[in-house]
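> Everything below, folded, please.
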Amino acid sequence: MMPNRIPKPTRFFVLKCALVFFGALRLGLPAPSKADELLAPALGQHAVYEVNARISEEPETSPLEAAQEGKAPGKTLAERSTNFSYILFPGRSESERRMLLLRSVAIRVNDLPLPATNEALVYSMGKDSEATLSADTPEEPRVSAYELHLPSALFPKFDLPGQLERATGSREEEVKILGGVAARLPVEVNVEKAGSTLKVVRRLKAGKTARVDFEGSSSTLEAWSETHVIDLERKVVAEVRREIKFLTERGQRKYRTIATHELKARKVRLLDPAERERAAVVLEGVASILDDFRAKKPPRDIYAKIQLLQDRSLKDGDSAKLFSGLSEALLFRFAMYRQGLEAEARGRKVGSAAKEEDAPDFTLEGLDGKSVSFRQATRGKVVLLTFWGYG
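Okay, here's the model as predicted:
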C-alpha cells in the first residue's frame, strides 16, 4: 500500500534535484571558472585596439608644502600610446591557432618624445589561449613594464564566481601588479551582466595595503584595481582599465607612483572569404621573414622578401587598410637587424685586432725629465691612458 505522503528525506532530495535541474537550465552548466573560458575569438576575426598608459609621481607632501618648495605636486614620468590589430588564423593542428599582431608604439619620457616603434609579430596559441612567439622579437623598452602584455591581456585568467548575473564578494588572489611583479592580495570582486556585456571589477580590499618589491625597492601598494569588460556575443575583451598606486621611500623622502592604463576595442569584425585568403598569404610571408631574421639570413635576401610581400599583397587599397603599419613594421625590424649585424662585425674586427696586433709604441718625456717608452713601461700591465692639455 502506497503512503499518502512522501517521506521528508525523499521530499528534500526531490526538491534538491529540481533546484539543480532548473538552475542548470537557467545558468547553463558547467559555469565558466576562468575569465578566458568566456573568450573564444572566431577564426578570421580582425580586431583593432588602442591602449593608453600613463605613469606619474608625486612626493608625499601637501600641495602647500609643494608650492613652498617651488615644485608642482606631481609630474608625468612616462606616457605610452599603443595601437595594435590582430587577425586569427587556423594553426598547423586542430588545437592550434595563429595570430598576426601589428603594433605601433609612441612613448614620451619626461615630456620628451622617443622614436616611435612598429612591430609585426606572429604568435602560436593552444587550447589554453597561452600565446608564444613563433619568431624572436627585439627587447621592448623598459617602460613596457607598466603596459599590458599582449596578447595575453586579451585572455585574462582570473577566477570567476559561479553566478555571472550579479555577484559581489572577496577572496585572496595572486595578481600581476606591474610587469613581472606579482603579489597575493585580499581582493574585492564585483560582477555585473547587462545584455551581452559582462563587467568584472577587481580591486584591493578597502583599508588594506601590501608590501611589494619593485625595481629593487620595497614599496607599499596602496591601491590596485582592474576592470574587464567582456563582449559575450563576440567573445572578446572590449575594454580593460587598470590603476595602481604605491609608495616608495628614496633617501629621506617618500614618493607616490600612480600608473594607469586603458585598453579599448575600436573595431571587431569577421573577414570575408576573399580577405581571409589574402590574409593567409600575408601571414605566411611575414612568418617566413621573421624566421629569416632569427636565422640571421643575409640582409639582401630578407629585404628582397619584404619587397616581394609589398608588391604582391600590400599594394591594393583594401589590403593596405587591413594590414596598416605592416610595411613600416617590417622595414623598422630590418633596420634594427642591419644595425645589429654591423655592430657585431665591428666587435669582431676590434676583437681580432686586439689579439693579432700590439698597441703602437711611443716615447714621451716624464715629469722627471726622463724619456719613457710606453711599451717598456707597461709590458704585462693593464693601462688606462688619459690625454689632456691646455687650449
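> wait, doesn't Asp361 sit right on Arg375?
Yes: assessed by C-beta atoms under 8 Å, Asp361 is found in contact with Arg375 at 4.2 Å. (C-beta placed from N, C-alpha, C; glycine too.)
> for the protein, where's the lowest mean pLDDT among helices and strands?
helix 8-27 (a mean of 39; mean pLDDT, DSSP states H and E).
> For Val282, give its distance to Tyr123.
15 Å (C-beta to C-beta, to the nearest Å).
> hang on, I meant Pro156
In this view, Pro156 and Tyr123 are 16 Å apart by C-beta to C-beta.
> Now do stretch 339-357, average pLDDT.
Averaged across stretch 339-357, pLDDT comes to 70.
> should've said stretch 106-120
The predicted model assigns stretch 106-120 a mean pLDDT of 87.
> That stretch: end-to-end distance?
End-to-end distance for stretch 106-120, by C-alpha to C-alpha, to the nearest Å: 15 Å.
> List the contacts of that stretch.
75-82, 100-105, 137-138, 141, 143, 286, 290, 325-326, 328-330, 332-333 (C-beta atoms under 8 Å, 6 or more residues apart in numbering).
> what lines up beside the strand ranked longest in the chain in the sheet?
Identified as the longest strand of the chain according to DSSP state E is strand 253-270. Partners of strand 253-270 in the sheet, by DSSP bridges, are strand 45-59 (antiparallel), strand 236-250 (antiparallel).
> Just the buried positions in that strand, please.
By neighbour count on 16 or more other C-beta atoms under 10 Å, the buried set for strand 253-270 is 255-263, 265, 268.
> Dump the C-alpha coordinates for it into CSV.
Below are the C-alpha coordinates for strand 253-270, written out as CSV (Å, rounded to 0.1, in the frame of the first residue of the first chain):
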residue,chain,number,x,y,z
ARG,A,253,61.6,61.3,1.1
LYS,A,254,58.6,59.1,0.1
TYR,A,255,57.2,59.2,-3.4
ARG,A,256,53.8,58.0,-4.6
THR,A,257,53.7,56.5,-8.1
ILE,A,258,50.4,56.3,-9.9
ALA,A,259,50.2,54.0,-13.0
THR,A,260,47.0,53.9,-15.1
HIS,A,261,46.2,52.4,-18.5
GLU,A,262,43.2,51.8,-20.6
LEU,A,263,42.6,49.3,-23.4
LYS,A,264,39.6,49.7,-25.8
ALA,A,265,38.5,47.8,-28.8
ARG,A,266,37.9,50.1,-31.7
LYS,A,267,36.8,47.6,-34.3
VAL,A,268,36.0,43.8,-34.2
ARG,A,269,34.7,42.0,-37.3
LEU,A,270,35.0,38.8,-39.3
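> What residues are bridge-paired with the closest residue to Arg266 other than its chain neighbours?
Distance criterion C-beta to C-beta, 6 or more residues apart in numbering; nearest residue to Arg266, sequence neighbours excluded, is Val48 at 4.6 Å. Counting by DSSP bridges, Val48 forms beta bridges with Ser85, Lys267.
> I'd like to know how far Val48 sits from Glu188.
Distance of Val48 to Glu188, computed by C-beta to C-beta: 32 Å.
> With Leu101 instead?
Relative to Glu188, and taking C-beta to C-beta, Leu101 is found at 33 Å.
> In the stretch 101-250 of the chain, where is pLDDT below threshold?
128-129, 134-150, 163, 179, 215-216 (pLDDT under 70).
> if we can go back for a sec, give me the number of residues near the residue nearest to Arg266?
Neighbourhood size, Val48 [other C-beta atoms under 10 Å]: 16.
> which residues does it contact?
Listed by C-beta under 8 Å, 6+ apart, the contact partners of Val48 are 83-85, 265-268.
> can you list the residues you listed in CSV and add pLDDT and distance to Leu133?
What follows is the contacts of Val48, written out as CSV (pLDDT from 0 to 100; distance: C-beta to C-beta, whole Å):
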residue, pLDDT, distance to Leu133
Asn83, 91, 20
Phe84, 90, 15
Ser85, 92, 17
Ala265, 95, 23
Arg266, 94, 24
Lys267, 93, 24
Val268, 93, 23
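> In CSV, list those residues along with distance to Arg312.
Output for the contacts of Val48, formatted as CSV (distance: C-beta to C-beta, whole Å):
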residue, distance to Arg312
Asn83, 25
Phe84, 24
Ser85, 21
Ala265, 30
Arg266, 28
Lys267, 25
Val268, 28
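> still on that earlier bit, now which of the contacts of stretch 106-120 would you call buried?
77-80, 82, 100-105, 143, 286, 290, 325-326, 328-330, 332-333.
> if I've got this straight, Gly340 is in a helix?
Yes: secondary structure of Gly340 (DSSP: H, G, I helix; E, B strand; the rest coil): part of a helix.
> And for it, the neighbour number?
Close neighbours of Gly340, defined as other C-beta under 10 Å, add up to 13.
> Would you mind measuring from it to Lys296?
Gly340 sits 9 Å away from Lys296, going by C-beta to C-beta.
> Not counting sequence-adjacent ones, nearest residue to Leu270?
Nearest residue to Leu270 in three dimensions, chain neighbours excluded: Gly44, at 5.3 Å (C-beta to C-beta, 6+ apart).
> tell me the contacts of the one you found?
Contact analysis of Gly44 by C-beta under 8 Å, 6+ apart lists 87-89, 270-271, 275-276, 279.
> Where strands are concerned, which of those residues count?
Counting by DSSP E, the part of these found in strands is 87-89, 270.
> of those, buried ones?
Judged by 16+ other C-beta under 10 Å, buried ones among the ones in strands among the contacts of Gly44: 87-89.
> Out of these, flag the one nearest to Tyr303.
Ile87 (24.3 Å; C-beta to C-beta).
> hang on, the closest one packs against Ala42?
No: using C-beta under 8 Å, Ile87 makes no contact with Ala42, being 11.0 Å away.
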